[in-house]
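Novice: pasting the sequence and the predicted model now:
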Amino acid sequence: MTQEDIPFFKRTALLAGPEGLQRLREARVTVVGLGAVGSFAVEALARSGIGHLRLIDFDVIHESNINRQLYALPSTIGEPKIELALKRVQSIHPDCEVRAESLFITEETAPQTLCDAPDILLDAIDSVNPKTCLLQAALEARCHVISAMGAATRTDPTLVRIADISETYNCPLAKFIRKRLRRRGIERGIRCVFSIEPPSKDAVSEETDHAPGEVRSELGRGRPRNTLGSYCAIPAIFGLTAAQDAINTLLNIHRSSQ
């Protein structure tokens, strides 16, 4: 393959080379959760030339999403996120084979996200139970997984890190996930994007059946949760960081975890 074969991705080819560009074109990446983190991750993957994307979410756009989610506009309120994501990827990268699926992650449905054996699973769920089920299913399927932890209340973009889940700290969501996974016999093996910035006191609470800061879906899924403040940039950085880590993995580019 030459750079001229895919003119949209000439600048990607300058870094990755023709063979790397072909590897991205052949790669299969599944993104679960198309909110503030997931929407920006999908954007970066599509613009990097990933050839096969599977997008999974069950929710629609709400007014409260407009401050931070890529697909959220006054004109898209009430529309399914998967449909908006599908159209956007197709307009960015027409040759991408993209599938969009409405699915709520549970113990029973989590394995469905891995039925097509993706090269990488990018987890952008913010609810403890679905996230735990998905991560366990990914490890059992020996799928490389990159998981985004809590971005809410954070304001310092320079404190975002990538590390194994066993090495995360200052993140209440990661703490909850670690505890749940330990109950299932899982200690490590999940690559995480997280912030080392101490969270707001509103984001820290004693363990219950839900993670701090979660909110009830207006579709009736999930548990009642409190709402936490969030700017646009930090969740977007989480998503872009996760996407770039996926690209580096596909191209065998190794970086320090800290």
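Specialist: Perfect, I can see it now.

Novice: where does T30 land in three-state SS?
Specialist: The three-state label given to T30 by DSSP: H, G, I helix; E, B strand; the rest coil is strand.

Novice: in contact with it, which residues?
Specialist: 53-56, 113-114, 116, 118, 120-122 (Cβ atoms under 8 Å, 6 or more residues apart in numbering). In this view, the C-beta of every residue, glycine as well, is placed from N, C-alpha and C.

Novice: how does it look with 6 Å?
Specialist: For T30, the contact set (Cβ atoms under 6 Å, 6 or more residues apart in numbering) comprises 54, 113, 118, 121.

Novice: leaving out chain neighbours, which residue sits closest to the first one?
Specialist: Same thing as R54. In space, R54 comes closest to T30 once its chain neighbours are excluded; the distance is 4.3 Å by Cβ to Cβ, 6 or more residues apart in numbering.

Novice: how much space separates the one you found from S75?
Specialist: Relative to S75, T30 is positioned 28 Å away (Cβ to Cβ, to the nearest Å).

Novice: repeat for P199
Specialist: In this structure, P199 and S75 are 33 Å apart, going by Cβ to Cβ.

Novice: more neighbours: which of those two?
Specialist: Under the neighbour definition other Cβ atoms under 10 Å, P199 and S75 were set side by side, and P199 has more, 20 against 8.

Novice: quick check: pLDDT value at S200.
Specialist: S200 carries a pLDDT score of 78 in this model.

Novice: what is the burial count for the nearest residue to it once chain neighbours are set aside?
Specialist: Across the structure, with Cβ to Cβ, 6+ apart as the measure, the residue nearest S200 apart from its sequence neighbours is T153 (3.7 Å). For T153, the neighbour count with other Cβ under 10 Å is 22.

Novice: just the one 4 residues further on next, same as before
Specialist: P157 is surrounded by 15 other residues when neighbours are defined as other Cβ under 10 Å.

Novice: hmm, it is touching P235, no?
Specialist: No: checked against Cβ atoms under 6 Å, the pair P157 and P235 is beyond contact range at 10.8 Å.

Novice: which residues in the stretch 151-258 of the chain form helices?
Specialist: Taking DSSP state H, counting those that start in this stretch as the criterion, the stretch 151-258 of the chain carries its helices at 172-183, 233-250.

Novice: same question, the stretch 1-150 of the chain
Specialist: Along the stretch 1-150 of the chain, the segments classed as helices by DSSP H, counting those that start in this stretch run 10-26, 36-47, 81-92, 128-140.

Novice: please work out which of these is packed deepest.
Specialist: Using mean count of other Cβ atoms under 10 Å, the stretch among these with the largest mean neighbour count is helix 36-47, at a mean of 26.

Novice: tell me what angle that one forms with helix 81-92.
Specialist: Between the axes of helix 36-47 and helix 81-92, defined by axes from the mean of the first three to the mean of the last three Cα atoms, to 10 degrees, the angle is 30 degrees.

Novice: between helix 36-47 and strand 28-32, how big is the angle?
Specialist: Here helix 36-47 points in a direction 160 degrees away from that of strand 28-32 (the same axes, to 10 degrees).

Novice: and L86, what's its pLDDT?
Specialist: Model confidence at L86, expressed as pLDDT, equals 98.

Novice: could you find the closest non-adjacent residue to it?
Specialist: On the basis of Cβ to Cβ, 6+ apart, the spatially nearest residue to L86 that is not a chain neighbour turns out to be A100, at 4.1 Å.

Novice: I appreciate the help and will end here.
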